[in-house]
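J.: Fold the following and give me the result.
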Amino acid sequence: MVRNVGNVDRIARLVLGIAVVVAGIAFQSWLGALGLIFIGTALVGFCPLYTLFGFSTCPAKAR
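T.: Predicted structure coming up:
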């Protein structure tokens, strides 16, 4: 897996994921579990949907 999620995107996903999990717990909804997807992609730095659409927020490395 090639990293395709940049640092700003990772921080945004982590914050959004935590907010969705907390809202799911507060409202006692299983939809809060979707926040775990955001948290997981933030921690790993890889998003399968980005690969599917050929998108990347990770800066290109200079060679």
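J.: Which elements pack onto the helix or strand harbouring Gly17?
T.: Assigned by DSSP states H and E, Gly17 falls within helix 7-26. For helix 7-26, the packing partners by 3 or more C-beta pairs under 8 Å, 6 or more residues apart in numbering; DSSP states H and E come out as helix 35-44. Any C-beta I mention is one placed from the backbone N, CA and C, and that applies to glycine too.
J.: Buried residues of the helix it packs on, list them for me.
T.: Residues 35, 38-39, 41-42 are the ones in helix 35-44 that count as buried (16 or more other C-beta atoms under 10 Å).
J.: Stretch 18-36 now?
T.: The neighbour-count check on stretch 18-36 (16+ other C-beta under 10 Å) flags 20-21, 24, 32, 35 as buried.
J.: That one spans what distance, first to last residue?
T.: One end of stretch 18-36 to the other measures 8 Å (C-alpha to C-alpha, to the nearest Å).
J.: Helix, strand, or coil at Ala60?
T.: Three-state call for Ala60 (DSSP: H, G, I helix; E, B strand; the rest coil): coil.
J.: where does this protein have low pLDDT?
T.: For the chain, the stretches with pLDDT under 70 are 61-63.
J.: same thing but at 80, please
T.: By pLDDT under 80, the low-scoring segments of the chain are 60-63.
J.: In contact with the closest residue in space to Asn4 that isn't next to it in sequence, which residues?
T.: Nearest residue to Asn4, sequence neighbours excluded (C-beta to C-beta, 6 or more residues apart in numbering): Ser56, at 4.2 Å. When contacts are counted by C-beta atoms under 8 Å, 6 or more residues apart in numbering, Ser56 is found next to 4-6, 50.
J.: Where neighbours are concerned, which of the residues you listed has the most?
T.: Of all the contacts of Ser56, Val5 has the most neighbours under the rule other C-beta atoms under 10 Å, reaching 21 neighbours.
J.: What's the local residue count around Thr57?
T.: With other C-beta under 10 Å as criterion, Thr57 counts 15.
J.: how about it, phi and psi?
T.: Dihedral angles of Thr57 (phi, psi; degrees, to the nearest 10) stand at phi -110, psi 0.
J.: what sits against the residue lying closest to it once chain neighbours are set aside?
T.: What sits nearest to Thr57 in space, not counting adjacent residues and going by C-beta to C-beta, 6+ apart, is Gly6, at 3.8 Å. Listed by C-beta under 8 Å, 6+ apart, the contact partners of Gly6 are 56-59.
J.: Okay then, goodbye and thanks.
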